[in-house]
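K.L.:
Coordinates for the following, if possible.
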Amino acid sequence: MKRIAIFCDGTWNRPDAAFATNVYKLHRATRQTAGDGVTQLPKYIPGVGTGFGMTGFAKTWDKIRGGVFGAGVTRNIMTAYRFIAEQYEPGDQIFIFGFSRGAFTARSLAGLIRASGLPRHDQAYREGEALKRYRDDAPETRPDTPESFAFRAEFCPHLATSPEEQDWREAQGMARPPLLSITYMGVWDTVGAMGVPGHYRILARIFNGSHGFHDLKLSSSVKAARHAVSIDETRKTFPPTIWENLGDLNQDDPDRKRYYLQHWFPGDHGSVGGGGDIVGLSNIALAWVAEGAAEQGLGFDTAQLEACVAEECFSAPLCNQTKKPGFVARLLRRNVLDRVGAYAPPYIWDVSKPAQQRWHHAPSAYRPKPLMHLADALDRTPPRDDAAETS
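P.N.:
Numbers count the residues shown, from 1 in each chain. Predicted coordinates for the structure are as follows:
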């Protein structure tokens, strides 16, 4: 048994950047051999818009297309999928991490694995068939239909992606294959915007048809997950993509321990996912996601993580960069959208401990719009211990 860990970075983020994101920090902290002796295979995938191309023009165009429109996400999904397909053996554990559009990549990767399974090592070249199946939104291509069972029985005969599929194989006189699942997913502030931003309604309808295939509903084939969401991001072009079915997934657990968590953290997009010179807030979200992964067995260099924890500060600036934003970043900030309504935490237990601490103890009043519908409950409740994840 080994552990395969995929790290999908965010828009414009790459390993040689001046300031590392949480994705890259966690990738660096992942040990090649865990404390229990298990081999670990960490794979880092740079974010979209990082200058992919052979010429100067191509690299610049990639930065614009990737940064503004999300171009390159499918390429990154397939890079990660190919790596897993080439390395995976029955019984291995899969961990997937991502930030921003890298979180979108991570969640789409999980959906692709659920929909299509994994080909055998010697048939990894068939990855295009897996993608085609995943893109098809016909009812019969949903993961647990007889048609999908039959597809995976031929494409992925050595694995099944659900207990129902295992039963179907046996009913067809086939051997009962081992179950393929994802041990843990940890993501920071998922941005699902692909193609032309949705608030440009007419252009979005014309150009975004090819970007609608990514299924982002969290499946029970993911055995544990954590999503850190920004409270204070206001760019309309970067709306968060929220998991809406965590209540159902957590209720399926008979001991009531909540393995699926989605907490709202103080700070803007970068103050949750990292990548700036101010790390007081982003390191808190880093430690929270890392904690969930460690609970599921992923081995880290504890000294690196402890160094990050030492810099945590719930009252740090809400923006994680001291330098002024560039032209494209300023352009994206012109359209503002507060994360209220469907983008806000539904219950007080979804508000992270640092957000509650800031509400009660920040030097200046912290009353962000996304939390105002919970104001009475927050005023009455002292900051809770995030380790208490029952009910």
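K.L.:
distance from the centroid: which residue in the protein tops it?
P.N.:
What lies farthest from the middle of the chain is residue 173; by Cα atoms, centre = their mean that is 37.8 Å.
K.L.:
Check which helix or strand that one maps to.
P.N.:
Secondary structure assignment for residue 173, by DSSP states H and E: no helix or strand.
K.L.:
and the strand or helix carrying residue 271, what does it pack onto?
P.N.:
Applying DSSP H and E as the criterion places residue 271 in helix 269-273. Judged by 3 or more Cβ pairs under 8 Å, 6 or more residues apart in numbering; DSSP states H and E, helix 269-273 is in contact with strand 225-230, helix 282-295. C-betas here are computed from N, CA, C, even on glycine.
K.L.:
what is residue 186 paired to in the beta sheet?
P.N.:
Beta-bridge pairing of residue 186 under DSSP bridges involves residue 97, residue 226.
K.L.:
quick one: it and residue 174, what's the gap?
P.N.:
Look at residue 186 and residue 174: by Cβ to Cβ, to the nearest Å, they are 35 Å apart.
K.L.:
Please say which of those two ends up with more neighbours.
P.N.:
Taking other Cβ atoms under 10 Å, residue 186 and residue 174 do not tie; residue 186 has more neighbours (32 against 13).
K.L.:
about what we covered before: and the residue farthest from the centre of the chain, what does it touch?
P.N.:
Counting by Cβ atoms under 8 Å, 6 or more residues apart in numbering, residue 173 touches no other residue.
K.L.:
On the pLDDT front, check it for me.
P.N.:
Here, the pLDDT recorded for residue 173 equals 98.
K.L.:
if I look at it, how far off is residue 158?
P.N.:
17 Å.
K.L.:
and residue 98, what does it touch?
P.N.:
Residue 98 makes contacts with 7, 8, 9, 10, 23, 104, 105, 106, 107, 187, 188, 190, as judged by Cβ under 8 Å, 6+ apart.
K.L.:
Could you pull up phi and psi at the second one?
P.N.:
Its backbone dihedrals place residue 8 at phi -100, psi 110, with angles given as degrees, to the nearest 10.
K.L.:
do you know how far it is from residue 83?
P.N.:
Counting by Cβ to Cβ, the separation of residue 8 from residue 83 is 11 Å.
K.L.:
Same drill for those two, tell me which one is more crowded.
P.N.:
Legend: neighbour count by other Cβ under 10 Å for residue 8 and residue 83, higher for residue 8 (33 against 16).
K.L.:
how about the strands in the stretch 1-150 of the chain?
P.N.:
In the stretch 1-150 of the chain, the strands defined using DSSP state E, counting those that start in this stretch lie at 2-8, 39-45, 93-99.
K.L.:
export those to JSON lines and tack on mean pLDDT and distance to residue 350?
P.N.:
Shown next, in JSON lines, are the strands of the stretch 1-150 of the chain (pLDDT from 0 to 100; distance: least, Cβ to Cβ, whole Å):
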{"stretch": "strand 2-8", "mean pLDDT": "98", "distance to residue 350": "24"}
{"stretch": "strand 39-45", "mean pLDDT": "98", "distance to residue 350": "29"}
{"stretch": "strand 93-99", "mean pLDDT": "98", "distance to residue 350": "19"}
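K.L.:
Same list (the ones you listed) but as TSV, adding distance to residue 365.
P.N.:
Shown next, in TSV, are those (distance: least, Cβ to Cβ, whole Å):
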stretch	distance to residue 365
strand 2-8	36
strand 39-45	40
strand 93-99	29
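K.L.:
Of these, which stretch is the most buried?
P.N.:
Stretch with highest mean neighbour count among the strands of the stretch 1-150 of the chain: strand 93-99 (a mean of 28; mean count of other Cβ atoms under 10 Å).
K.L.:
so residue 48 sits right up against residue 79, yeah?
P.N.:
No: the pair residue 48 and residue 79 fails to qualify as a contact (Cβ atoms under 8 Å) at a distance of 11.5 Å.
K.L.:
Looking at these two, which one has more neighbours?
P.N.:
residue 48 (31 against 17).
K.L.:
Look up how far residue 378 lies from that one.
P.N.:
Applying Cβ to Cβ to residue 48 and residue 378 gives a distance of 36 Å.
K.L.:
Spell out the secondary structure type for residue 306.
P.N.:
helix (DSSP: H, G, I helix; E, B strand; the rest coil).
K.L.:
which residues touch the residue lying closest to residue 98 once chain neighbours are set aside?
P.N.:
The shortest distance from residue 98 to any non-neighbouring residue, by Cβ to Cβ, 6 or more residues apart in numbering, is to residue 106 (3.2 Å). Contact analysis of residue 106 by Cβ under 8 Å, 6+ apart lists 6, 8, 80, 96, 97, 98, 185, 187.
K.L.:
can you redo the residues you listed as TSV with distance to residue 130?
P.N.:
Formatted as TSV, the contacts of residue 106 follow (distance: Cβ to Cβ, whole Å):
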residue	distance to residue 130
6	16
8	18
80	12
96	16
97	21
98	19
185	19
187	22
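K.L.:
and of these, the nearest to residue 287?
P.N.:
Using Cβ to Cβ, residue 97 is the member of these that sits closest to residue 287, with 13.5 Å.
K.L.:
mind checking how far that closest one is from residue 124?
P.N.:
Distance of residue 97 to residue 124, computed by Cβ to Cβ: 22 Å.
K.L.:
which residues in the stretch 251-391 of the chain form strands?
P.N.:
All strands of the stretch 251-391 of the chain, identified by DSSP E, counting those that start in this stretch, fall at 260-265.
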